[in-house]
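1. Any chance you can model this:
(2 chains)
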Amino acid sequence: RKEVEQDPGPFNVPEGATVAFNCTYSNSASQSFFWYRQDCRKEPKLLMSVYSSGNEDGRFTAQLNRASQYISLLIRDSKLSDSATYLCVVNNRRGGADGLTFGKGTHLIIQP
Amino acid sequence: DTGVSQDPRHKITKRGQNVTFRCDPISEHNRLYWYRQTLGQGPEFLTYFQNEAQLEKSRLLSDRFSAERPKGSFSTLEIQRTEQGDSAMYLCASSFFTSPYEQYFGPGTRLTVT
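-> Numbering: from 1, shown residues only, chains lettered A, B, ... in the order given. Just a heads-up that it's a prediction; the model follows:
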């Protein structure tokens, strides 16, 4: 089983709609969780961290369910500029010293 | 531009040749990471440095790969006797020690082995 699994999509969503996607992780000892965004032929960029209590940043909401070992990302009022690949990222080590484990990414296309 | 830079951006080489890539991190960052990304996959962790010390290497980093960060600033990644399976985007990232998960990525070096 992959450490981090995501539905690759693509998700085709009309502009203004709400879209959500999930990610599951296999290591129950995982400590830290993130969503990164990667535009076509560009480098990944940190979108937001995911906390146990859930967190919101503007139109974006991230949630963590430790019992079921999944992370979600909700995008409200989607914009054309939200079109990108969203990478679910997990760090499994205490103390936060090492590299991140990335999922394959979910490809999102916002249509006008 | 004070972001992470990588050089070259593209490299085409023949199988069996050696290649070396360079990464210049954000100057204040003391951690530097190397990842590899192939089409349709997320980045895969290869190795990372804290200052000049290489603290972790992934099992993906075969003995043909070597990375250095001699003065704790820029880093190099060398691949010896390249194979077609080495074709990928090689990404470098850097971070502060205190915020290891907030990693800033460079534009990557795309390697094509023919």
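
2. only C-alpha atoms for contact and neighbour calcs from this point on.
-> OK.

3. which stretches of the chain have low pLDDT?
-> Just so you know, I chose chain A. By pLDDT under 70, the low-scoring segments of chain A are A:1, A:93-98.

4. Not quite, go with chain B.
-> In the predicted model, chain B carries pLDDT under 70 at residues B:1.

5. Grab the most central residue of it for me.
-> The geometric centre of chain B, computed from its C-alpha atoms, lies nearest to residue B:34 (CA atoms, centre = their mean), at 3.4 Å.

6. Check which helix or strand the closest residue to that residue other than its chain neighbours maps to.
-> Leaving aside its sequence neighbours, residue B:34 sits nearest to residue B:92 (CA to CA, 6 or more residues apart in numbering or on different chains; 4.6 Å). Assigned by DSSP states H and E, residue B:92 belongs to strand B:88-95.

7. quick one: strands adjacent to that strand?
-> Here strand B:88-95 is paired, per DSSP bridges, with strand B:31-37 (antiparallel), strand B:104-105 (antiparallel), strand B:109-113 (antiparallel).

8. roughly how far out does the last one sit from the chain middle?
-> Pointing back at strand B:109-113 there. For strand B:109-113, the gap between its own C-alpha mean and the chain's C-alpha mean amounts to 12 Å (CA atoms, centre = their mean, to the nearest Å).

9. Then the shortest one?
-> Strand B:104-105 has its average C-alpha position 11 Å from the chain's average C-alpha position, going by CA atoms, centre = their mean.

10. ok, and what's touching it?
-> For strand B:104-105, contacts defined as CA atoms under 8 Å, 6 or more residues apart in numbering or on different chains pick out A:43, A:44, A:45, A:46, B:3, B:4, B:91, B:92, B:93, B:94, B:95.

11. And the strands in chain A?
-> Along chain A, the segments classed as strands by DSSP state E run A:4-6, A:11-14, A:19-25, A:32-38, A:44-50, A:55-57, A:60-65, A:70-75, A:84-91, A:101-102, A:106-111.

12. go on, chain B?
-> Per DSSP E, chain B has strands spanning B:5-7, B:10-13, B:19-24, B:31-37, B:44-50, B:53-57, B:65-68, B:75-79, B:88-95, B:104-105, B:109-113. These are given in chain order.

13. Nearest approach to residue A:78 belongs to which of these?
-> Closest of the strands of chain B to residue A:78 is strand B:104-105, at 24.9 Å (criterion: CA to CA).

14. So which bits of chain A are right by chain B?
-> Applying the criterion CA under 8 Å from any CA of the partner chain, the portion of chain A that neighbours chain B consists of A:42-46, A:87, A:96-105.

15. Most neighbours among the residues you listed, please name it.
-> Tallying neighbours with other CA atoms under 10 Å in any protein chain shown puts residue A:87 at the head of the residues of chain A next to chain B, with 30 neighbours.

16. hang on, isn't it packed against residue A:39?
-> No - Residue A:87 is beyond contact range of residue A:39, at 10.6 Å (criterion: CA atoms under 8 Å).
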